[in-house]
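In: Got a predicted model here, sequence first, then my questions.
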Number of protein chains: 2
Amino acid sequence: MKYLEDLVPGTVSRFGNKLVTREEVIDFAARYDPQPFHLDDAAAAKTYFGRLSASGWHTCAMLMRMMVDNMARDGHAGLGSPGLDELRWLKPVYPGDTLRVESVLDEVRPSRSKPDMGSVHSTVTVFNQHDEPVMRMKSIGLVRRRPGGDQ
Amino acid sequence: MKYLEDLVPGTVSRFGNKLVTREEVIDFAARYDPQPFHLDDAAAAKTYFGRLSASGWHTCAMLMRMMVDNMARDGHAGLGSPGLDELRWLKPVYPGDTLRVESVLDEVRPSRSKPDMGSVHSTVTVFNQHDEPVMRMKSIGLVRRRPGGDQ
């Protein structure tokens, strides 16, 4: 199990290998973001997107799945998240794309009010198979401190 | 159809009425955020969440659906979004909650580089049925300018 004390600023983590399928793009959009450019090729062709593209929130959801799978592999003592800053959708995500993640650990802060946890601040970028960044955000995670002291 | 010129800073929009079902919470979490507190009552009872709660990304997705439905009613000329700032998950969202949205239009900025569009900056808050804010973010939307000039 990794605790707050085990996390080192500057560490770069690379993980994820998610094929974006047309079926999943349309399924997510139909439930949560039914704008024409996420549902229909002809409608998307008239817009900036050019062709059917994934909802930005779908890209967030796919990123989260890659992060959870990576945390499970790594054994992080994750306690959830208070939020995030500066999320930017940089390029469209299309059916057929394969996504991966690079996460840079910017800062580790022990909590002042809660002695058993701290927050981890990272810059998280999602790339497509052309190594183009498609989404970037500043994420904040809460992580447990090592039980039993400051060592 | 509403264009950039029709949007007035200070305007408050209230919309949405989304019942969060246990089935949907588990379905979303199983696909995109399979952490124990989003999947299982017993595991959630040991955490800050207290009981099974929705993924924060699920709350984002439900917000987006309420925003898209509201834009469709309003006839906004929406062109997508470059991203958002300062997203905060303030309280857990539980199965059985009913969510609604309050959006305050903070600023309308015509684009310097693209004469046919501008950006709309809003503070968007999701409330539960107890009028408690459960999520807040600064959203950015791109909106078409009225065709045919500055009038």
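Out: Sure thing, it's come through.
In: Could you list the contact residues of chain A toward chain B?
Out: Residues of chain A lying close to chain B by Cβ under 8 Å from any Cβ of the partner chain are A:28, A:31-35, A:37, A:47-49, A:55-57, A:60-62, A:64-65, A:68, A:78-89. For glycine as for every other residue, the C-beta is placed from the backbone atoms N, C-alpha and C.
In: Helices - which of those land there?
Out: A:28, A:31-32, A:56-57, A:60-62, A:64-65, A:68 (DSSP state H).
In: Mind putting the residues you listed into JSON lines with pLDDT, neighbour count and distance to B:V134?
Out: As requested, these are exported to JSON lines (pLDDT from 0 to 100; neighbours: other Cβ atoms under 10 Å in any protein chain shown; distance: Cβ to Cβ, whole Å):
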{"residue": "A:F28", "pLDDT": "98", "neighbour count": "23", "distance to B:V134": "22"}
{"residue": "A:R31", "pLDDT": "98", "neighbour count": "17", "distance to B:V134": "20"}
{"residue": "A:Y32", "pLDDT": "98", "neighbour count": "22", "distance to B:V134": "17"}
{"residue": "A:G56", "pLDDT": "97", "neighbour count": "24", "distance to B:V134": "21"}
{"residue": "A:W57", "pLDDT": "98", "neighbour count": "23", "distance to B:V134": "17"}
{"residue": "A:C60", "pLDDT": "98", "neighbour count": "23", "distance to B:V134": "17"}
{"residue": "A:A61", "pLDDT": "98", "neighbour count": "23", "distance to B:V134": "18"}
{"residue": "A:M62", "pLDDT": "98", "neighbour count": "25", "distance to B:V134": "23"}
{"residue": "A:M64", "pLDDT": "97", "neighbour count": "23", "distance to B:V134": "18"}
{"residue": "A:R65", "pLDDT": "97", "neighbour count": "19", "distance to B:V134": "22"}
{"residue": "A:V68", "pLDDT": "93", "neighbour count": "19", "distance to B:V134": "21"}
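In: worst-scoring helix or strand of chain A, pLDDT-wise?
Out: In chain A, no helix or strand scores lower on mean pLDDT, DSSP states H and E than helix A:41-45, which sits at a mean of 89.
In: Give me the distance from that one to the chain's centre.
Out: Centroid separation between helix A:41-45 and its chain, computed with Cα atoms, centre = their mean, to the nearest Å, is 27 Å.
In: Contacts for it, please.
Out: A:36-38, A:50-53 (Cβ atoms under 8 Å, 6 or more residues apart in numbering or on different chains).
In: Tell me the buried residues in that helix?
Out: Under the neighbour-count criterion of 16 or more other Cβ atoms under 10 Å in any protein chain shown, helix A:41-45 has A:A44 buried.
In: what's the closest residue to A:Q35 other than its chain neighbours in contact with, if anything?
Out: Nearest non-adjacent residue to A:Q35, counting by Cβ to Cβ, 6 or more residues apart in numbering or on different chains: B:V68, 5.9 Å away. Neighbouring residues of B:V68 by Cβ under 8 Å, 6+ apart: A:33-35.
In: Specify which member of those residues is nearest to B:K138.
Out: Checking the contacts of B:V68 against B:K138 by Cβ to Cβ gives A:D33 as the nearest, at 18.9 Å.
In: Give me the distance between that closest one and A:H121.
Out: Applying Cβ to Cβ, to the nearest Å, the value for A:D33 to A:H121 is 28 Å.
In: Looking at these two, which has the bigger crowd around it?
Out: A:D33 (20 against 17; other Cβ atoms under 10 Å in any protein chain shown).
In: The more buried one contacts A:A61, doesn't it?
Out: No. Contact criterion Cβ atoms under 8 Å: A:D33 and A:A61 do not qualify, at 10.6 Å.
In: tell me, what's touching the two both at once?
Out: Between them, A:D33 and A:A61 share the contacting residues B:A61, judged by Cβ under 8 Å, 6+ apart.
In: how about the nearest residue to the most centrally placed residue in chain A, chain neighbours excluded?
Out: Nearest to the geometric centre of chain A sits A:L63, at 3.5 Å (Cα atoms, centre = their mean). Leaving aside its sequence neighbours, A:L63 sits nearest to A:V126 (Cβ to Cβ, 6+ apart; 5.4 Å).
In: Next: A:D33.
Out: A:S55 (3.7 Å).
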